[in-house]
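> fold the following and give me the result.
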Amino acid sequence: MTEKPKLDITNPGDAVPAFTCLVYIRTEDGRVSARVANLAGLQASGASERDVLAKIIPAFKQRVAEFFSVGEEIPWVDPPEPLDEGEQKRIVPVHL
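Coordinates of the predicted model:
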């Protein structure tokens, strides 16, 4: 009988860093806009929520990766900006 290899759950190895992207979404006049509330300067607009998330998440990932790759502290907005009237919150986990 052949012994199956064991899965080592005690050593995470090279864990992939993960970060929370806090996105506020607003729909106005048939147009959707989004802004990242926990990292300044990231905004997007489009025809749907899917469109804006497809733009803003890669921008968030790139910005965080730039800081992370050179070992600089990420300038998080802490506490995050408050929701404006008419906005909805989306919490998106992002792996580098």
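> okay, CA-based contacts and neighbour counts for the rest of this
Noted.
> surely residue 44 meets residue 58?
No: between residue 44 and residue 58 there is no contact under Cα atoms under 8 Å: 11.1 Å.
> more neighbours: those two, which one.
Taking neighbours as other Cα atoms under 10 Å, residue 44 and residue 58 compare with residue 44 leading, 18 against 13.
> which pLDDT value goes with the more buried one?
Looking at residue 44, its pLDDT reads 97.
> assumed it was part of a strand.
Yes: under DSSP: H, G, I helix; E, B strand; the rest coil, residue 44 falls within a strand.
> run through the bridge partners of the most centrally placed residue in the chain.
Geometric centre of the chain, nearest residue: residue 21, 2.8 Å, by Cα atoms, centre = their mean. Legend: beta-bridge partners of residue 21 under DSSP bridges are residue 92.
> who's in contact with it?
Residue 21 sits next to 36-38, 57, 60, 91-94 when contact means Cα atoms under 8 Å, 6 or more residues apart in numbering.
> closest one of those residues to residue 77?
For the contacts of residue 21, the residue nearest residue 77 by Cα to Cα is residue 38; the value is 4.5 Å.
> right, and the closest one touches residue 80 too?
Yes: between residue 38 and residue 80 there is a contact under Cα under 8 Å: 4.7 Å.
> of these two, which one has the most company?
Shown here are residue 38 and residue 80; by other Cα under 10 Å, residue 38 has more neighbours (20 against 13).
> surely residue 20 and residue 93 touch.
Yes: between residue 20 and residue 93 there is a contact under Cα under 8 Å: 4.7 Å.
> any idea how far residue 28 is from residue 94?
27 Å (Cα to Cα, to the nearest Å).
> which of those two has more neighbours?
With neighbours defined as other Cα under 10 Å, residue 94 and residue 28 compare such that residue 94 has more, 15 against 8.
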